[in-house]
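Novice: only geometry, no sequence info:
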């Protein structure tokens, strides 16, 4: 890919500015704060857009940083580039109220569909992360030697593990572990809830069984009382009633006989014996006998009434006992039904406990994914890691004049270089050499990750700590690679060294 021209309408400090670029080396020169880094950011934003942040982060993100104060509706520009033998025009407006992206193939006259991924396809699928971590190099002046060593180690760890820092397998593995932990917590919580539910059901079962036992005791007690009342009460009362009825009948007979005999005797005596006196005596005796029988009959009737009332009380009591027994049976039936339901629920809970939880299935899937990623990481390490180290070593050997010919990395990602005579740990190298390793790493990673579609190399004030010898060797290497390179610099040194070594370049002044 070759950037041919950019037209900045409104972007940060740049307004209505057009810049022409050529294949090979371009030097974008200007004083500090003249817009070199803004141009660098503009090119990246044209290729990949500007991701707006939310909340407090939005106040310091790239969108807010480069949003022009005047005429913000024209926030954007145009980028012309050549790629795969075809010429393209990329137009963007970044303003949130009027966002627009247009990709036009000038050779075919075709308006391409950016939303459908045509721009990504033209860029060869190279992600923004890969771009930022390879060919788009920002200045390192503020980075200390120790920090730079750590930066190189981090880069090596990333590329060793994944090959593409946009696909961070280590971070992915960590996220999977966190997800697995979350599912494990949920699974443990559900298991605990299930155990508590089982304990609760068991407790309810025991309680209902105890209630049923108590009902059995009460029912047996009522049955005993019913039988006793039946045996002792009603039977005795009915026997007494039967005897009293028999006595009442006897008294009725005696009373009738007394009246008949008394009246008949009196009449007989009066008729046959002509004795009124004896007749009166016999009549009175019969009446007295009948009266006595009548009085005894009244007493028997009173006793009968008392026994009837007693019988009715016994019957009412038995009816109440029977009602209580029926009530206990209904309660027992309800308790038995409740117990059956709880037993069924407990069995279902116990059966469900043997089935794997959804969280456990997720954990199993995550374990499988982690196993696959682990294997993938090892495969990538084998396929990519050694290629990366070999290419870094080649570039480093060229730009150091053969002083350092090989990069070595141990299992703990400690980096050292081979001089041909001994190995030197990264921490023991000079700042300039570490920057050369850093440069070699990014260039090698760019070649490896970008494949055949090589993006322009953007070097934004990266040579501040290089001496003339190191800078000359790097510029010679860049010229040899025949790639488009855009060097941002506030000095004349890069151009002087290029001219001194007969390397052609295109100058753009800000």
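Specialist: Thanks, I have it. What you see is a predicted model, and the numbers here were worked out from it, not measured in a lab.
Novice: Check which helices and strands the lengthiest strand in the chain sits against.
Specialist: Scanning the chain for the longest strand, with DSSP state E as the assignment, gives strand 2-11. Secondary-structure packing of strand 2-11 (3 or more CB pairs under 8 Å, 6 or more residues apart in numbering; DSSP states H and E): strand 14-20, helix 36-48, strand 76-83. In this view, the C-beta of every residue, glycine as well, is placed from N, C-alpha and C.
Novice: And the strands in the stretch 301-450 of the chain?
Specialist: Here the stretch 301-450 of the chain has its strands, by DSSP state E, counting those that start in this stretch, at 406-409, 415-418, 423-425.
Novice: List the neighbouring strands of the last one plus their orientation.
Specialist: The one in question is strand 423-425. strand 415-418 (antiparallel) (DSSP bridges).
Novice: now swap in the first one and tell me
Specialist: Paired with strand 406-409 in the same sheet, following DSSP bridges, are strand 415-418 (antiparallel).
Novice: Pull the distance from the strand it pairs with to the chain's centre.
Specialist: Distance, stretch centre to chain centre, for strand 415-418: 44 Å (CA atoms, centre = their mean, to the nearest Å).
Novice: got the buried residues for it?
Specialist: 415-417 (16 or more other CB atoms under 10 Å).
Novice: any idea which helix or strand of this structure has the worst average confidence?
Specialist: When each helix and strand of the chain is scored by mean pLDDT, DSSP states H and E, helix 145-161 comes last, with a mean of 53.
Novice: Relative to residue 395, how far out is residue 442?
Specialist: 10 Å (CB to CB, to the nearest Å).
Novice: got JSON lines for the strands of the stretch 301-450 of the chain, with mean pLDDT too?
Specialist: Shown next, in JSON lines, are the strands of the stretch 301-450 of the chain (pLDDT from 0 to 100):
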{"stretch": "strand 406-409", "mean pLDDT": "82"}
{"stretch": "strand 415-418", "mean pLDDT": "85"}
{"stretch": "strand 423-425", "mean pLDDT": "88"}
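Novice: Can I get these in a markdown table including distance to residue 61?
Specialist: Formatted as a markdown table, the strands of the stretch 301-450 of the chain follow (distance: least, CB to CB, whole Å):
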| stretch | distance to residue 61 |
| --- | --- |
| strand 406-409 | 35 |
| strand 415-418 | 33 |
| strand 423-425 | 38 |
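Novice: of all these, which lies closest to residue 249?
Specialist: strand 406-409 (128.3 Å; CB to CB).
Novice: Packing partners of the host helix or strand of residue 220?
Specialist: Using DSSP states H and E, residue 220 sits within helix 169-228. Using 3+ CB pairs under 8 Å, 6+ apart as the contact test, the elements touching helix 169-228 are helix 145-161, helix 276-354, helix 358-380.
Novice: between that helix and helix 276-354, how many degrees?
Specialist: Angle of helix 169-228 versus helix 276-354, following axes from the mean of the first three to the mean of the last three CA atoms, to 10 degrees, is 170 degrees.
Novice: what about helix 169-228, average pLDDT?
Specialist: For helix 169-228, mean pLDDT rounds to 79.
Novice: Now find how far off-centre it is within its chain.
Specialist: With CA atoms, centre = their mean, you get 26 Å for helix 169-228.
Novice: One more: stretch 490-510?
Specialist: Distance, centroid of stretch 490-510 to centroid of chain: 57 Å (CA atoms, centre = their mean).
Novice: Quick one: residues in contact with that stretch.
Specialist: 19-22, 24-32, 34-36, 39, 461, 463, 468, 471-472, 475-476, 479, 487, 489 (CB atoms under 8 Å, 6 or more residues apart in numbering).
Novice: can you list the domain ranges for this protein.
Specialist: 1-125+453-510, 189-353 (automatic domain parsing).
Novice: Could I get those in CSV, plus columns for distance to residue 359 and mean neighbour count?
Specialist: Listed next are those as CSV, based on distance: least, CB to CB, whole Å; neighbours: other CB atoms under 10 Å:
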stretch, distance to residue 359, mean neighbour count
domain 1-125+453-510, 31, 16
domain 189-353, 7, 14
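Novice: out of the ones you listed, nearest to residue 182?
Specialist: Nearest of the domains of the chain (CB to CB): domain 189-353, 10.7 Å.
Novice: Quote the end-to-end distance of that closest one.
Specialist: 13 Å (CA to CA, to the nearest Å).
Novice: now do stretch 26-46
Specialist: 19 Å.
Novice: pLDDT of that stretch, averaged?
Specialist: 93.
Novice: ok, residue 351 to residue 1 distance?
Specialist: Using CB to CB, which is the criterion applied here, residue 351 is 63 Å from residue 1.
Novice: ugh, wrong one, I meant residue 116
Specialist: Using CB to CB, residue 116 is found at 20 Å from residue 1.
Novice: Residue 405 now?
Specialist: For residue 405, the distance to residue 1 - CB to CB - is 31 Å.
Novice: can you check residue 176 too?
Specialist: For residue 176 relative to residue 1 (CB to CB), the value is 35 Å.
Novice: Residue 338 too?
Specialist: 77 Å.
Novice: which non-adjacent residue is nearest residue 357?
Specialist: Leaving aside its sequence neighbours, residue 357 sits nearest to residue 187 (CB to CB, 6 or more residues apart in numbering; 5.2 Å).
Novice: Report how many residues lie close to the one you found.
Specialist: When neighbours are defined as other CB atoms under 10 Å, residue 187 has 18 of them.
Novice: now swap in residue 371 and tell me
Specialist: Neighbour number of residue 371 under other CB under 10 Å is 10.
Novice: List the residues that contact it.
Specialist: By CB under 8 Å, 6+ apart, residue 371 has no neighbours at all.
Novice: Look up how far residue 76 lies from it.
Specialist: Plainly put, residue 371 is 46 Å away from residue 76 if you go by CB to CB.
Novice: again, but for residue 306
Specialist: Distance from residue 306 to residue 76, by CB to CB: 117 Å.
Novice: go on, residue 251?
Specialist: Distance from residue 251 to residue 76, counting by CB to CB: 131 Å.
Novice: same deal with residue 340?
Specialist: 75 Å.
Novice: for residue 333, same thing?
Specialist: Distance from residue 333 to residue 76, by CB to CB: 82 Å.
Novice: Next: residue 18.
Specialist: 14 Å.
Novice: One more: residue 217?
Specialist: Distance from residue 217 to residue 76, by CB to CB: 91 Å.
Novice: could you give the mean pLDDT of the longest strand of the chain?
Specialist: According to the model, strand 2-11 has a mean pLDDT of 96.
Novice: hang on, the earlier thing: taking the contacts of stretch 490-510 one by one, which sit in helices?
Specialist: 36, 39, 468, 471-472, 475-476, 479 (DSSP state H).
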